[in-house]
Every structure is written in structure tokens, then in C-alpha cells.
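**Q** The following comprises the amino acid sequence and a computationally predicted model.
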Amino acid sequence: MNVLKPHLQTTIWTLLKAGASQREIERTTGISRHTIRLYQQRFAADPANCPGVATVPASQTAPPRPPTSVAVSRPLATSKCTPHRAFIDAQLRLGRNAMAIYQDLVDLHGFDGAYNSVKRFVAQLRRKEPEQFDRLSFAPGEEMQVDYGEGAPTRVAGTERWRKPRLFVATLRYSRRSFRRVVWKSGQQVWAELHEQAWRYFGGSARYVVLDNLKEGVLKPDLYEPALNPVYAAMLAHYEVVADPARVRDPNRKGTVENAIGHTQSTALTGRRFESIEEQNTFLEHWETKWAASRIHGAERRQVQAMFEEERTHLQPLPITGMAYFTEVQRTVCDDSCVRIAHSSYAARPAPIGSKVLVRIFERCIEIRDLRTQQLLRTHTLADRPGSVVLPTDERVFNPSRETRYILDQARAIGAQASRLCEMLFAIEGRVGQRKLWGIVNLAKRYPYHFIDAACGVALDQGVHSYRHVKVLTEQSVAEALEALEAASPRPARTDATLTQQHPLIRSADEYGALFAHAATAAQPTSLAS
């Protein structure tokens, strides 16, 4: 450290006591800031050696020092942009940058300042106060927030590739206790199953669940009446939970789970890789139990696990059975009063013929509901084999429709026996049997009429009124006729095919050689000229 003269040391000490900055002392004294900083550290370490400080015995009290008369503060300079503040504000609202505003100030207002002056002024105007939020408080067991994030890289089974799975986090709003799971793919049923797993993990369900407007949960966002996914809505109704989708582009409504996802990614998963989904889920459960649940929450100043033990008793009890998942399809009621599901027919009354109904397909049964009101109309057990007809006899429709008349007209065109068999099938089974009628008349697209009509006659004689039996008889008749035709027509004797070497139309090899030579000679001058 450079040794300064006593009067300079006194000046530095006086200015430091007055609150002057190192830069201001440098401008006043001409001493470098490095030297000023060293003297400042020296004075702070040993105040007794400061210039002008008298040594006072420990038993005495030093008299107060007179106020210093050194003036170190200077009035702040006014920016040259201040008179043009209104113009600059208007340009900023239009999204213009500092350079464009500076150019307009020079061209339109005769501005004589520098561009840096405009840039500093614009930066001050753009500075915003921090956005303030109200802290919401919730009763124990009242709300749970859910969302998806991104998990740690995980090896895809059976490959050398690494992918990041989807990280599902469900957080209880009161205690901040969280449930975390990673999955490769998400869907309607996976999203609902993750909710069920979270409630089993907590030992009960909250009364409300706050979620984002993702398609697995919300089909159509709406502030007042959002359209929920049907599988998700049925699952919530099963557990007596109400969904509260957040406003679009308003993640602060579910800030608790957003923070939980960030906490998981930055603390638990950053820098880690896992060999399987199961390994990552095991680690997340261990980390939640040992570290996340035992932490002291920053805002509440309480342990998360202690708050969860308090909240656990306020959670809703879980139902005895879990959710029965289903898929939904729309079907039109056919003229036999049935709907077709997986090649089987199921009674749909009281839904009128020709109307559309909503069919929910469960693992062992189906539900037929009104498309508009979702009212349950019929329930059936799923048929064991395709082609079954689940329709009581008293509900079968036997009066012919336009489709029935059309099929019978085609059967009459095939022959008398085909017409007789089709009329008998309709009289026995009603409109449900029209599928068999369609099969019989459609045989005419592949086989001659007389074979089909003869097969129908044989089926009537045998008493087997079945489309499959008529088809087998028709195919047999056609095969026998082809064999008979092949046996009646003599086959030509087989001869070994030989290539003809001499013929008036075949030119000699010398002629072809002369042709190729002539073509090569004709092409040579062209290539040289080019």
C-alpha cells in the first residue's frame, strides 16, 4: 500500500465518515480507488489509528465530534429526455426500442442528447415494480393441486436410448405434502389413475383438485363451465371430488404444485440418470419421505410432515372399490333397435331407431346412455363371442322396413329357393336376422345365381337355416362344377420350349455389328466439335 501524507489520510477518513463513495473520493483527491479501498480496510480494522482520532482512556467517554463541513453530495443531473417523457412513453407502448425512439427524437424534436441518454431513460421507464400476489390460505384437506413436469433421463427398456419421462406431482395445499410418479405416456386413463394413486398414498382425497387445462383433464377450457374429460369426470364423481381448472395462462393459481415440480427437478433429479421407470419412482418416494417431508417449509415455518399429520384426519375417506375405467364411442341405433359393438348386437331401447347414443365399454359390460343428457338407458354384459345378439325376444322387430324389402327383392332375383329361405329367416329372427340375409344375397357378387339358389334349397331340405351353411354349399357346388369342366376338356400335351435360332425375321450378327460401328462413327465428329 502506498503511504500517503497525513493530510491526505485525514481527507480520506473525513470523506469516508461523511458517507462518500470511493469514486467520489477519487474525483475529489485524485487518489486511485485501489489505494482508497486499502485505507478504508485499514481504518475499519484499527479505528484507533485513524487520523485525527485521539486516544481516549477506557474509563473516559470521548466527546462528540463536530459535524464535518465537507460537502460530498452533488445534486442529481436532470436527463435531457425528461421534456420528451410523454412522447417516449407513447413509443414504448407501441413496442419500439430505444434506438428507434432516439432517431425520432432527433428528426422530429431536435433532440441534441446522446443515444446512451435515451437508452438509460428508456430503461428507467421500463422498470416495473414487482408483481404482488395475495397469499391464499386453505383448510386442511380442502385442496390438492396437480400438474405434469419433466423427469430425469431414463433408459428406454431394451435399448441404449435415454428419454425424459413425464413427472406427475400432486401436492396437498395445506401441508405441502406431495406425491410424485414418472410415466412414459399419458392419456385419459393414466391421468385419472395417477390421481387414484395419489389419494391412496395420502390415505384420503381432498375436496377440490386444481389442475391445468391439459387435454387429459379438460376438453374445452371455460372460466364458468369447463368441459371435463368424461373418464376424468367419472373418476372425480366416484371419489366425490370437485375439479377446479385454473384460468388459461394463469399458472399462479396452482403455484404450490409448480414450486413442488421445480423443487423436485432442481434438488432431487438434477444430474441423475435412472435405468428404469421403477427405479426413478422408488427414488422419488424415498426422497419425499426422507427429505421433502421432513423439511421446514419456508412460508409456514413448520415441518411438512407435522402439517400433513394434522391434515390427514381431514381428508375424505376413500370408497371401497376403485374406479371402473371405460372407453366411450358413439353408435347409431339400427332398424333392429340394436347397436353394434365388436361385431355383436345389443338392445338399445328406449332409444329410437336411427338416433345416436353414447356407449361406454367397460371390461365386462357396456352402458348405453343418451347422447345429450348422459342418462343411462341400458346395461348389458359383454358377449363372449363375436356375432352374438343380446336382445330379448319380446323386443324384436318383425315388421319389414325399406331395407328388408330391398334385401328380399334381391333374394327373389337370385331364385325361388333363395327368396323362400330369406323370408323364413326374417319371419324367425325379425330385423336382427337381416345380417344373415345380407350375407346370402351378397354371395351373388362372387358366384352364379343358380348355384346360390340350389344351395338355399339344400339348406331348406336339411333344416339348417344359416348363412354360413349356404355359403359352404355354394362353394362346394362351384368347386365340383369346375372339376367336372376341367375333366371334360382335354389338356394339350406338354412340349419343351426351344429358342429359334434361324428365321427370316432374325438378322445376322454381322448386320448388327455394322450398325453399331456406323453409329459410333457418326457420333465421333459431334463430340470433337463440342
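**A** Arrived safely.

**Q** can you give me the helices in the stretch 351-500 of the chain?
**A** All helices of the stretch 351-500 of the chain, identified by DSSP state H, counting those that start in this stretch, fall at 402-414, 416-429, 434-442, 449-462, 467-488.

**Q** Show me the one of the ones you listed that comes nearest Asp104.
**A** For these, distance to Asp104 was read as C-beta to C-beta. The smallest value, 76.6 Å, belongs to helix 402-414. To be clear about C-beta, it is placed using only N, CA and C from the backbone, and glycine gets the same treatment.

**Q** List of residues touching that closest one?
**A** Outside helix 402-414, the residues that touch it by C-beta atoms under 8 Å, 6 or more residues apart in numbering are 335, 400, 418-419, 421-423, 426, 431, 434, 437-438, 440-441, 444, 449, 452-453, 456.

**Q** run the last query once more with 6 Å
**A** Helix 402-414 is contacted from outside by Ala418, Ser419, Cys422, Leu437, Val441, Ala444, Tyr449, Ile452, Asp453, using C-beta atoms under 6 Å, 6 or more residues apart in numbering.

**Q** Rebuild those residues as a markdown table, extending it with neighbour count, distance to Ala299 and pLDDT.
**A** Compiled in a markdown table, the contacts of helix 402-414 are given as follows (neighbours: other C-beta atoms under 10 Å; distance: C-beta to C-beta, whole Å; pLDDT from 0 to 100):
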| residue | neighbour count | distance to Ala299 | pLDDT |
| --- | --- | --- | --- |
| Ala418 | 29 | 83 | 94 |
| Ser419 | 19 | 84 | 94 |
| Cys422 | 26 | 79 | 94 |
| Leu437 | 25 | 74 | 93 |
| Val441 | 22 | 76 | 95 |
| Ala444 | 19 | 80 | 94 |
| Tyr449 | 13 | 86 | 94 |
| Ile452 | 27 | 82 | 94 |
| Asp453 | 20 | 87 | 94 |
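
**Q** ok, these vs Gln197, which is closest?
**A** Distances from Gln197 to the contacts of helix 402-414, taken by C-beta to C-beta, are shortest for Leu437, at 51.1 Å.

**Q** quick one: contacts for that closest one?
**A** Neighbouring residues of Leu437 by C-beta under 6 Å, 6+ apart: Ile407, Cys422.

**Q** just to revisit the earlier point, in CSV, list the helices of the stretch 351-500 of the chain along with distance to Glu216.
**A** Formatted as CSV, the helices of the stretch 351-500 of the chain follow (distance: least, C-beta to C-beta, whole Å):
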stretch, distance to Glu216
helix 402-414, 41
helix 416-429, 44
helix 434-442, 38
helix 449-462, 52
helix 467-488, 44
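
**Q** out of those helices, which comes closest to Val218?
**A** When the helices of the stretch 351-500 of the chain are ranked by proximity to Val218 (C-beta to C-beta), helix 434-442 comes first, at 40.4 Å.

**Q** That closest one: how far from the chain's middle?
**A** Between the centre of helix 434-442 and the centre of its chain there are 45 Å (C-alpha atoms, centre = their mean, to the nearest Å).

**Q** I'd like the distance between Phe43 and Gln280.
**A** Applying C-beta to C-beta, to the nearest Å, the value for Phe43 to Gln280 is 57 Å.

**Q** same question but for Ile440, I mixed them up
**A** From Ile440 over to Gln280 the distance is 59 Å, taken as C-beta to C-beta.
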